[in-house]
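Engineer: Generate coordinates for the sequence data below:
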Amino acid sequence: MGIQIFGSRKCAVSRKAERFFKERDVPYQFVDLADTGISPGELEALRRAAGTDGLLDTDGARYKKRGLAYMDIDPVEEILADPLLLRTPAVRNGADAVLGDQAEGWARMAAAFKDAHKPG
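Structural biologist: The predicted structure follows:
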């Protein structure tokens, strides 16, 4: 499996993550949450790698508009119902994942990918 970026084309940080990998010639798959959402298996892999606490974009307008801060919610259920509640970009490489603007984490994944795919 390669690097996956879960985000939105409208999200500046998602586009920043794409540029990061593109500039380093690291192939990736971009999953636009607005178009395709996220599968329960993919979300579970992100949760295992990055933890449950950071999954929801609690600073986002969508979260605030729905008043989720005042409710006892299951972040996984909320994201499956509305994928745009996921903190983006969510970047995953196998069992490793980072959420949000995490250039250090992206660099770690790019280096791991290049190490795994170097010739010889």
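Engineer: for the chain, which spans come out with low pLDDT?
Structural biologist: Residue ranges of the chain with pLDDT under 70: 1, 120.
Engineer: Geometrically speaking, which residue is the centre of it?
Structural biologist: Nearest to the mean C-alpha position of the chain, by C-alpha atoms, centre = their mean, lies residue 90 at 0.8 Å.
Engineer: can you give me phi and psi for the nearest residue to that residue once chain neighbours are set aside?
Structural biologist: For residue 90, ignoring the flanking residues on the chain, the nearest one in space by C-beta to C-beta, 6 or more residues apart in numbering is residue 6 at 4.1 Å. C-beta: built from backbone N, CA, C; applies to glycine. Phi and psi for residue 6, reported as degrees, to the nearest 10, are phi -100, psi 120.
Engineer: Ok, residue 90 next?
Structural biologist: Dihedral angles (degrees, to the nearest 10) for residue 90: phi -100, psi 110.
Engineer: ok, it touching residue 99?
Structural biologist: Yes - Residue 90 lies in contact with residue 99 (C-beta atoms under 8 Å); the separation is 5.2 Å.
Engineer: intersection of neighbour lists for these two?
Structural biologist: 46, 50 (C-beta atoms under 8 Å, 6 or more residues apart in numbering).
Engineer: Now the longest helix along the chain: buried residues?
Structural biologist: The single longest helix within the chain, with elements called by DSSP state H, is helix 103-116. By 16 or more other C-beta atoms under 10 Å, the buried positions in helix 103-116 come out as 105-106, 109-110, 113.
Engineer: Point out the other helices and strands that it packs with.
Structural biologist: Contacts defined by 3 or more C-beta pairs under 8 Å, 6 or more residues apart in numbering; DSSP states H and E place helix 103-116 against strand 3-7, helix 12-23, strand 90-93, strand 96-99.
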